[in-house]
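*Asks:* what would the 3D arrangement of this be:
(one chain, ligands or ions: 2)
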Amino acid sequence: MKTFYGKPVFGGIAVGEIRVLKKEEKNVHRSHIDDGEKELKRLEKAVDETLTQLKQLYEKALKEVGESGAAIFEVHQMMLEDQGYQESIQNMIMTQQVNAEYAVAVTADNFAGMFASMEDAYMKERAADVRDISERLIGVLLEEEKKEINADVPVIIVAQDLTPSETVQMDKSKVQSFVTRHGSTNSHTAILARTMNVPALIGLDYEDGIHGKIGIVDGFKGELIVNPTEEVLALYQKKQEEEAAKRELLQQLKGKETITRSGREIRLYANIGGISDLQSVMTNDAAGIGLFRSEFLYLEKEDYPTEEEQFQVYRSVAETMAGKKVIIRTLDIGADKQIDYFGLEKEDNPAMGYRAIRICLKRPEIFKTQLRALYRASAYGNIGIMFPMIISVKEVRSIKEIVEEVKRELTSQGVTYGEVELGIMIETPAAVMVSGELAGEVDFFSIGTNDLTQYTLAIDRQNAALDDIYDPHHPAVLKMIQMVIENGHKGGAWVGICGELGADLELTDTFVEMGIDELSVSPSCILPIRRKIREHD
Ligand code: PEP
Ligand code: MG
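*Replies:* Ligands and ions are numbered 1, 2, ... in the order given. Okay, the predicted model is just below:
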């Protein structure tokens with residue numbers, strides 16, 4: 001039994017088999033393997049898959065650049081099948097009992113060194129090729145590990161870090177917990193863990209050798225226990241049962257109003273990333289959806305989702321919620337949420353870069369497709385639309401012009417749509433400062449405290465090294481929230497919070513006193529907040 005220590009970002013107890021995800025960065029680690037034959041089979045399968053990829057690349061290049069340009073992929077196939085190259089990898093696996101990735105990486109180094117030292121200019125150049133095929137082969141081996149997440153047993157995902165596009169591909173029904181070496185309290189992995197109601201730890205310095213072992217995550221103490229003794233396992237299973245009992249107790253609040261003792265009602269909504277979260281919204285009895293992060297729809301795809309694909313999803317959410325409010329946020333990509341097919345340039349400072357509404361306003365064809373889908377879906381429920389990363393009244397007016405254009409088009413095509421409330425995220429200090437003017441333009445504000453804290457304190461929310469000073473309780477942030485509520489109300493807009501701070505039970509009373517109208521939180525946080533609000537005098 002061995003215990004590793006990290007920082008908890010969401011509480012709870014999880015037990016499962018540990019899956020250490022290796023990054024595509026091809027950062028290969030040496031690990032000891034017990035079954036050499038099994039590893040050889042893994043290698044063989046990966047070589048076959050790599051050969052298929054090379055054949056496909058050959059065909060593609062043949063069509064696009066002709067025979068001479070495609071020839072290199074034939075050379076690569078031959079090199080991959082080369083007996084000397086393959087034997088070197090196989091020998092290393094068997095004699096040194098190492099993992100296939102490591103054996104490929106070492107063989108690549110040896111062969112590349114050998115080619116590079118040759119006199120013949122043609123042979124010298126083969127050094128780069130052997131590295132290239134080896135990287136591809138390692139990529140396939142690592143990819144196979146990634147797919148293992150879709151296992152039949154409950155798993156604890158352990159990784160250097162997880163990007164939203166990686167988490168989106170997982171079979172979440174098997175994931176019991178997330179543990180990462182990097183990542184911050186407000187990273188999307190942390191948000192996802194809260195949404196899924198599974199414990200999560202960050203800043204945990206693990207060893208690759210824990211892969212495949214049984215682990216326990218204590219999301220209260222920040223511990224990952226590997227290979228627990230039977231006694232420890234039994235202890236934690238008991239703790240898990242106690243947790244379940246506490247949750248059961250909260251279930252009594254289902255169907256009750258979210259109302260203070262003095263009779264003020266606060267709308268308690270849920271944050272979701274997709275249809276799969278709806279189950280949890282229902283179980284936790286949310287009064288609506290206050291933030292549907294629609295970018296996850298784009299992250300799941302290999303190409304832009306069509307209007308029809310989006311319409312089906314939005315309609316399904318609206319129908320499932322059966323008349324309860326569903327606020328869908330338009331595409332918020334860029335910064336930590338990168339999507340290859342958008343072809344965005346690499347930026348030095350992406351959090352302050354080309355993201356969210358800035359992309360939508362520069363690429364109206366993408367924006368209009370989403371707006372059409374949203375308006376069409378509005379005929380099937382109570383949809384609201386909100387726009388992220390707003391900094392000015394000018395932006396909001398441009399958005400509203402595009403919205404009107406979309407509505408006119410739909411009307412002229414005889415497509416019906418419902419009444420849609422329009423709102424904006426208040427997540428930049430600029431939006432806070434002009435919230436008085438903005439209130440006259442929209443129906444509601446939703447305060448995105450995750451980004452608002454980042455931009456107000458000038459602290460990258462993704463930077464784990466700054467986690468200790470990323471303080472959403474900072475008086476500057478709280479004063480801004482107060483100001484937004486006052487300005488919103490003066491201008492006739494209702495005001496909610498959809499950032500993670502909305503679920504902070506230490507601040508629930510403060511928000512109620514400030515006059516907040518709505519709190520939108522991870523589904524698992526709904527019932528504890530309902531209890532807190534019902535106790536408020
Ligand atoms: C926020 O910034 O608070 C927010 C809710 O948006 P996201 O976390 O998706 O950036
Ligand atoms: Mg945000």
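
*Asks:* which one is residue 297 nearest to, not counting chain neighbours?
*Replies:* residue 305 (5.5 Å; Cβ to Cβ, 6 or more residues apart in numbering). Quick note: C-beta positions are derived from backbone N, CA and C, even for glycine.

*Asks:* thinking the one you found is in contact with residue 295, fair?
*Replies:* No. In this structure residue 305 lies outside contact range of residue 295 using Cβ atoms under 8 Å: 10.5 Å.

*Asks:* so for the two, which sits in the more crowded spot?
*Replies:* Taking other Cβ atoms under 10 Å, residue 305 and residue 295 do not tie; residue 295 has more neighbours (22 against 18).

*Asks:* and that one, what does it touch?
*Replies:* 164, 331-333, 337 (Cβ atoms under 8 Å, 6 or more residues apart in numbering).

*Asks:* filter those residues down to the ones near ligand 1?
*Replies:* Filtering those for proximity to ligand 1 by Cβ under 6 Å from any ligand atom leaves residue 332.

*Asks:* need the max-distance pair from the contacts of residue 295.
*Replies:* Pairwise distances across those (Cβ to Cβ) peak at 13.0 Å, for the pair 164 and 331.

*Asks:* against which helices or strands is the helix or strand containing residue 44 packed?
*Replies:* Assigned by DSSP states H and E, residue 44 belongs to helix 36-81. Under the contact criterion of 3 or more Cβ pairs under 8 Å, 6 or more residues apart in numbering; DSSP states H and E, helix 36-81 touches helix 83-96, helix 100-116, helix 121-147.

*Asks:* highest average neighbour count across those helices?
*Replies:* Across those, averaging neighbours per residue (mean count of other Cβ atoms under 10 Å) puts helix 100-116 on top, at a mean of 20.

*Asks:* let me know the angle separating the helix holding residue 44 from helix 83-96.
*Replies:* Put simply, helix 36-81 runs at 160 degrees to helix 83-96, going by axes from the mean of the first three to the mean of the last three Cα atoms, to 10 degrees.

*Asks:* what mean pLDDT does helix 36-81 have?
*Replies:* For helix 36-81, mean pLDDT is 86.

*Asks:* strands along the stretch 301-450 of the chain, start to end?
*Replies:* For the stretch 301-450 of the chain, the strands defined by DSSP state E, counting those that start in this stretch occupy 325-329, 382-387, 421-426, 444-447.

*Asks:* for ligand 2, which of those strands is the nearest?
*Replies:* Ranking those by their distance to ligand 2 (criterion: Cβ to the ion) puts strand 421-426 first, at 6.3 Å.

*Asks:* pretty sure residue 1 contacts residue 231?
*Replies:* No. Taking Cβ under 8 Å as the definition, residue 1 is not a contact partner of residue 231, at 9.7 Å.

*Asks:* re the thing from before, got the contacts of residue 295 as JSON lines, with pLDDT, distance to residue 199 and neighbour count columns?
*Replies:* JSON lines is the format used below for the contacts of residue 295 (pLDDT from 0 to 100; distance: Cβ to Cβ, whole Å; neighbours: other Cβ atoms under 10 Å):
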{"residue": "164", "pLDDT": "66", "distance to residue 199": "19", "neighbour count": "22"}
{"residue": "331", "pLDDT": "97", "distance to residue 199": "30", "neighbour count": "25"}
{"residue": "332", "pLDDT": "96", "distance to residue 199": "26", "neighbour count": "25"}
{"residue": "333", "pLDDT": "93", "distance to residue 199": "28", "neighbour count": "23"}
{"residue": "337", "pLDDT": "85", "distance to residue 199": "23", "neighbour count": "21"}
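
*Asks:* out of the contacts of residue 295, flag the one nearest to residue 490.
*Replies:* Nearest to residue 490, judged by Cβ to Cβ, of the contacts of residue 295 is residue 332 at 27.4 Å.

*Asks:* contacting residues for residue 478?
*Replies:* With Cβ under 8 Å, 6+ apart, residue 478 has these contacts: residue 510.

*Asks:* can you list the low-confidence ranges for the stretch 101-250 of the chain?
*Replies:* 144-151, 164-166, 168-169 (pLDDT under 70).

*Asks:* closest residue of it to ligand 1?
*Replies:* residue 191 (6.2 Å; Cβ to the nearest ligand atom).

*Asks:* could you check the distance from that residue over to residue 15?
*Replies:* According to Cβ to Cβ, to the nearest Å, residue 191 stands 23 Å off from residue 15.

*Asks:* those two: who's more crowded?
*Replies:* residue 191 (23 against 19).

*Asks:* now residue 505: how far from residue 536?
*Replies:* Separation of residue 505 from residue 536 (Cβ to Cβ) stands at 11 Å.

*Asks:* higher neighbour count, these two?
*Replies:* Higher neighbour count among residue 505 and residue 536: residue 536, with 16 against 11, using other Cβ under 10 Å.

*Asks:* got phi/psi on the more buried one?
*Replies:* For residue 536, the backbone dihedrals (degrees, to the nearest 10) come out as phi -70, psi 130.

*Asks:* isn't it right next to residue 263, touching?
*Replies:* No. With contact defined as Cβ under 8 Å, residue 536 does not reach residue 263; the gap is 10.8 Å.

*Asks:* who in the stretch 301-450 of the chain is up against ligand 2?
*Replies:* 427, 448 (Cβ under 5 Å from the ion).

*Asks:* quick one: the helices and strands packed on helix 36-81 as TSV, columns for distance to ligand 1 too.
*Replies:* Shown next, in TSV, are the helices and strands packed on helix 36-81 (distance: least, Cβ to the nearest ligand atom, whole Å):
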stretch	distance to ligand 1
helix 83-96	43
helix 100-116	34
helix 121-147	24
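
*Asks:* could I get those helices as a markdown table with distance to residue 235?
*Replies:* Output for the helices and strands packed on helix 36-81, formatted as a markdown table (distance: least, Cβ to Cβ, whole Å):
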| stretch | distance to residue 235 |
| --- | --- |
| helix 83-96 | 39 |
| helix 100-116 | 36 |
| helix 121-147 | 31 |
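
*Asks:* got the residue ranges for the helices in the stretch 301-450 of the chain?
*Replies:* 307-320, 357-362, 364-377, 393-412, 429-433, 435-439, 449-457 (DSSP state H, counting those that start in this stretch).

*Asks:* could you dump those to TSV with distance to residue 349, mean neighbour count and mean pLDDT?
*Replies:* TSV is the format used below for those (distance: least, Cβ to Cβ, whole Å; neighbours: other Cβ atoms under 10 Å; pLDDT from 0 to 100):
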stretch	distance to residue 349	mean neighbour count	mean pLDDT
helix 307-320	30	18	96
helix 357-362	13	18	97
helix 364-377	23	21	98
helix 393-412	20	15	98
helix 429-433	16	19	98
helix 435-439	25	20	98
helix 449-457	12	22	97
